[in-house]
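K.L.:
Build me a structure from this.
(4 chains)
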Protein chains: 2
Amino acid sequence: MSSDDVTGQAADGPRRRDATATRQALLLAARARFTQLGYDRTTLRDVAADAGVNLALIKRYFGSKEGLFKAALASTPRFLGREGEFPRDRAALAEALSRQLAAGAWAEFGEHPVLMLLRDSGDEQVAELRRQALAEFGRQVLEASGASSAPDAELRAELLVALGVGVAVVRSAVGLRPLADATPEDLLGPLHDIVEGLLKPPPD
Amino acid sequence: MSSDDVTGQAADGPRRRDATATRQALLLAARARFTQLGYDRTTLRDVAADAGVNLALIKRYFGSKEGLFKAALASTPRFLGREGEFPRDRAALAEALSRQLAAGAWAEFGEHPVLMLLRDSGDEQVAELRRQALAEFGRQVLEASGASSAPDAELRAELLVALGVGVAVVRSAVGLRPLADATPEDLLGPLHDIVEGLLKPPPD
DNA sequence: CCACCAAGTAATCATGCGTTGACATGGTCC
DNA sequence: GGACCATGTCAACGCATGATTACTTGGTGG
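P.N.:
Predicted coordinates:
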């Protein structure tokens, strides 16, 4: 069923009374479950089992399932670019996009963080978080596009966001081929054409 | 909570012993719930209530929740173009895409059918269904693109599929603005640029 | 009119899951 | 060494939900 371990944890020696390590283990397991299974199909019992930790500790450290979800969300790496080194021109943007979109396996847990945002908990607060995260992404894209003067520049930037979401979903959740198997190099050309076509300044 | 009626049904006069009408009412209600809430958050009791029908009838007509989901899926209109009139050139494709992507409200139930495909039941059979539906969409796009001779034509077509998925998700599930509020006219220009940029034949 | 069967109803079962509180344990500081 | 608190354990509760069963209703054909 869905109770197979997913993180490869729990084999560690007995983590003895280390609150921080326990928290981390729970977060790691939770991220894996939430991104792969979604909120509803993730059970606290499975998360606890993955982390090799007692179920009740989830309540202790995160209060509730919602709390765990939000904490896991907060501990998730950002979508594009590391802090402060966001691409500054269209070519670099296309490259960064292709790299990230192609990285079907995120460094820490084999899934794309965007997915976790989509596997929502039904909580409006989380929905707002997600909206903000994607809006922020859109803003960065807009900036990288050279803040095109087109009246619909914002819309165009968000279309690129939508593309990112779609590619992440199709690659990780749907497994559509050949997209799911494409390497960064495969994606670079097509993505460049999209970015170029979408963000080029209006002829005017 | 999530038990508010969503279809506006149930106010009809007492549907008296009409198996067909009962089935239809259930399908309609199920589609609405499944697309808006996803598989897990959709409860059979709510579906039955929306349809104004007894809970046990779901078992009678569809066997199980899975059965209902698959039936609802099968009763869902296709994504792009009506039977046989799929766009045949890039311009028409861009237009059809924009129309469909912009139609946040699908004719029959206020949601996009792609979403239902994404709100999976965890069932592998459904996942396969979804993959096939999207692959078919990709094939149609490929064809409409003039079957570009580029070696990565297939990949490019699937990127357009991913865009469709992403836009549907962002519009309906995320509510990112201004994308979520964009009208077909708003989307036409940008989408045209994307389609043009992505599907134009290679310079060779 | 009666028998029969599809259509519909009501009540209940079984189970998984989030949550909770009472208890055990070990390390640390006086 | 003993008190004390953070850490971790155990067992259970309550609830929502999918499934199921026994029963009722009504219309239709003979």
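
K.L.:
Could you look up the next helix or strand downstream of the helix or strand of chain A with the lowest mean pLDDT?
P.N.:
When each helix and strand of chain A is scored by mean pLDDT, DSSP states H and E, helix A:113-118 comes last, with a mean of 65. With elements assigned by DSSP states H and E, the helix or strand that comes after helix A:113-118 is helix A:124-144.

K.L.:
How about that following helix and chain B, any contact?
P.N.:
Yes: judged by C-beta under 8 Å from any C-beta of the partner chain, helix A:124-144 comes into contact with chain B at A:127, A:130-131, A:134-135, A:138. In short, each C-beta sits where N, CA and C put it, glycine included.

K.L.:
So A:His192 versus A:Arg17, what's the distance?
P.N.:
53 Å (C-beta to C-beta, to the nearest Å).

K.L.:
okay, now the domains of chain A?
P.N.:
A:19-74, A:90-199 (automatic domain parsing).

K.L.:
Mean pLDDT lowest where, among those?
P.N.:
Lowest mean pLDDT within those: domain A:90-199, at a mean of 73.

K.L.:
Just want to check the distance between A:Gln24 and B:Lys65.
P.N.:
Using C-beta to C-beta, A:Gln24 is found at 37 Å from B:Lys65.

K.L.:
more crowded one of these two?
P.N.:
Neighbours per residue (other C-beta atoms under 10 Å in any protein chain shown) separate A:Gln24 from B:Lys65, with B:Lys65 holding more: 19 against 15.

K.L.:
pretty sure that one is touching B:Leu44, no?
P.N.:
Yes: shown here, B:Lys65 and B:Leu44 form a contact pair, counting by C-beta atoms under 8 Å, at 5.9 Å.

K.L.:
What are the buried residues along stretch A:68-76?
P.N.:
Buried residues in stretch A:68-76, counted by 16 or more other C-beta atoms under 10 Å in any protein chain shown: A:68-73, A:76.

K.L.:
okay, A:Arg82: pLDDT?
P.N.:
At A:Arg82, pLDDT is 49.

K.L.:
What about A:Gly175, how many residues nearby?
P.N.:
For A:Gly175, the neighbour count with other C-beta under 10 Å is 16.

K.L.:
Closest one of the buried residues of stretch A:68-76 to A:Glu95?
P.N.:
Nearest to A:Glu95, judged by C-beta to C-beta, of these is A:Thr76 at 22.8 Å.

K.L.:
The closest one touches A:Arg31, doesn't it?
P.N.:
Yes: with contact defined as C-beta under 8 Å, A:Thr76 reaches A:Arg31; the gap is 6.4 Å.

K.L.:
Not counting sequence-adjacent ones, nearest residue to A:Ile58?
P.N.:
With sequence-adjacent residues excluded and distances taken as C-beta to C-beta, 6 or more residues apart in numbering or on different chains, A:Ile58 is closest to A:Leu44, at 5.3 Å.

K.L.:
which residues sit in contact with the one you found?
P.N.:
Counting by C-beta atoms under 8 Å, 6 or more residues apart in numbering or on different chains, A:Leu44 touches A:55, A:58, A:65, A:68.

K.L.:
For burial, what's the neighbour tally of A:Val165?
P.N.:
Applying other C-beta under 10 Å, we find 29 residues neighbouring A:Val165.

K.L.:
for the one 5 residues further on, same thing?
P.N.:
A:Val170 has 27 neighbours, counted by other C-beta under 10 Å.

K.L.:
Any residues of chain A in contact with DNA strand D? List them.
P.N.:
By the rule C-beta under 7 Å from any atom of the strand, the part of chain A lying against DNA strand D is A:15-19, A:21-22, A:53-57, A:60.
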